[in-house]
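*Asks:* coords below, sequence missing:
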């Protein structure tokens, strides 16, 4: 069995998508963490909850730094809340381009401060070199803060790198015969790498070896589909499946076409995805335009009700637009989000708070344009590597 894993950033997913996937993983980790705890007592601003989750600051009417300082002071009242908050604001680090999650200050993703039972914290990062290094640096920086603050309130020194929670879970989000011929699964995998550091990656398994570039393409489109499903489930909606209008095909394919082998392979692959999805015959992805390809293309055109059923396709014409749209829709239909508890996940991941959408750091709002651009990136990878 072939298996290859990459982080969203390693797969070259757009930055906004990397950030949202990181938030999705944090949500799932958080649910398992609370199950492991036997239920969480989540901190809210002004309260005394023992379980701190970084992203809970959004919607609280305050900043990340004030949210953290409020939590620490609620459990260690001798600390100076204003000092912690101001120091945090001043020491925000420049965005690290290699950090998938676009974070600045060393605020852990999870903290539990329950003396005698659990006093520890965790950071969730992508399982890449930059992600691991960033996570370790963040853990070290937070420990330095704890070491400094213990002089004002010694009770805080018990906060340590987490060891009680040790997840190792894979969640299948896609399972289907890719391009109608290759059974493929895409899974989100996360595990505790070391004390305090939980890492995640996206893994592709298949019954045959796949090119690395194609694996990355599959990861990108699975994550695009995941984002579409999450945003489409929100009350405000506004996000739909990506269109098929991406200008990928370079030259005409058909009886009178140029029939560049890369273009032909791309069309053959998309045809197989369509016909395989409806239980029809698939053809060899050979890069050679032949009678079999004409028949498959003509059959597709007839099946979807196109006027032109002559077995040819040109850049920008109705056939390629519908063919690409069909492929993207098939992938979307095969994505399974049941284990992600989509309703709650959506409300968490889709927070577009001003501190969460850092345009200066390369992030952007999730829009239909962003979705379509990412789909174009995927289709180009498929075209160039199938």
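*Replies:* Noted; the coordinates are in hand. Just so it is clear, the structure is predicted and the values come from calculations on it, not from any experiment. Numbers count the residues shown, from 1 in each chain.

*Asks:* least trustworthy helix or strand in this structure by mean pLDDT?
*Replies:* helix 342-349 (a mean of 59; mean pLDDT, DSSP states H and E).

*Asks:* buried stuff in the helix or strand just after it?
*Replies:* Tracing the chain past helix 342-349, the next element assigned as helix or strand by DSSP states H and E is helix 368-385. For helix 368-385, the neighbour count (16 or more other C-beta atoms under 10 Å) marks 370-379, 381-383, 385 as buried. Where C-beta positions appear, they are placed from N, C-alpha and C, glycine not excepted.

*Asks:* Can you list the residue ranges for helices in this structure?
*Replies:* Listed in chain order, the helices of the chain (DSSP state H) span 15-37, 64-75, 81-90, 129-149, 212-232, 261-277, 291-303, 318-334, 342-349, 368-385.

*Asks:* Tell me, how many residues neighbour residue 61?
*Replies:* 9 (other C-beta atoms under 10 Å).

*Asks:* nope, residue 82 is what I was after
*Replies:* 11.

*Asks:* what's around residue 7, how many residues?
*Replies:* Residue 7, neighbours per other C-beta under 10 Å, totals 24.

*Asks:* per the record, what domains does the protein have?
*Replies:* 1-233, 242-334+366-385 (the TED database).

*Asks:* how far does the first one stretch from start to finish?
*Replies:* Distances were taken as C-alpha to C-alpha, to the nearest Å; on that basis the terminal residues of domain 1-233 are 35 Å apart.

*Asks:* Spell out for me which residue occupies the centre of the protein.
*Replies:* Per C-alpha atoms, centre = their mean, the C-alpha nearest to the average position across the chain is that of residue 21, at 2.6 Å.

*Asks:* quick one on the thing from earlier: of all the domains of the chain, which one is nearest residue 340?
*Replies:* Of all the domains of the chain, the one in closest proximity to residue 340, counting by C-beta to C-beta, is domain 1-233 (6.2 Å).

*Asks:* rank the domains of the chain by mean pLDDT and give me the bottom one.
*Replies:* If you rank the domains of the chain by mean pLDDT, domain 1-233 sits at the bottom with a mean of 89.

*Asks:* still on that earlier bit, adding distance to residue 338, write the buried residues of helix 368-385 out as TSV.
*Replies:* Below are the buried residues of helix 368-385 laid out as TSV (distance: C-beta to C-beta, whole Å):
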residue	distance to residue 338
370	25
371	22
372	26
373	28
374	23
375	23
376	29
377	27
378	23
379	27
381	28
382	27
383	32
385	30
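
*Asks:* Looking at those residues, spot the one nearest residue 126.
*Replies:* residue 374 (17.5 Å).

*Asks:* Now do stretch 326-346: distance to the chain's middle.
*Replies:* From the chain centre to the centre of stretch 326-346 is a distance of 12 Å (C-alpha atoms, centre = their mean, to the nearest Å).

*Asks:* Any buried residues in it, and which?
*Replies:* Buried residues in stretch 326-346, defined by neighbour count with 16+ other C-beta under 10 Å: 326-332, 334-337, 340, 342, 345-346.

*Asks:* same thing with stretch 160-167?
*Replies:* 161, 162, 165.

*Asks:* roughly how far apart are the nearest residue to residue 385 once chain neighbours are set aside and residue 13?
*Replies:* Spatial nearest neighbour of residue 385, chain neighbours left out: residue 213 (4.1 Å); criterion: C-beta to C-beta, 6 or more residues apart in numbering. Distance, residue 213 to residue 13, using C-beta to C-beta, to the nearest Å: 14 Å.
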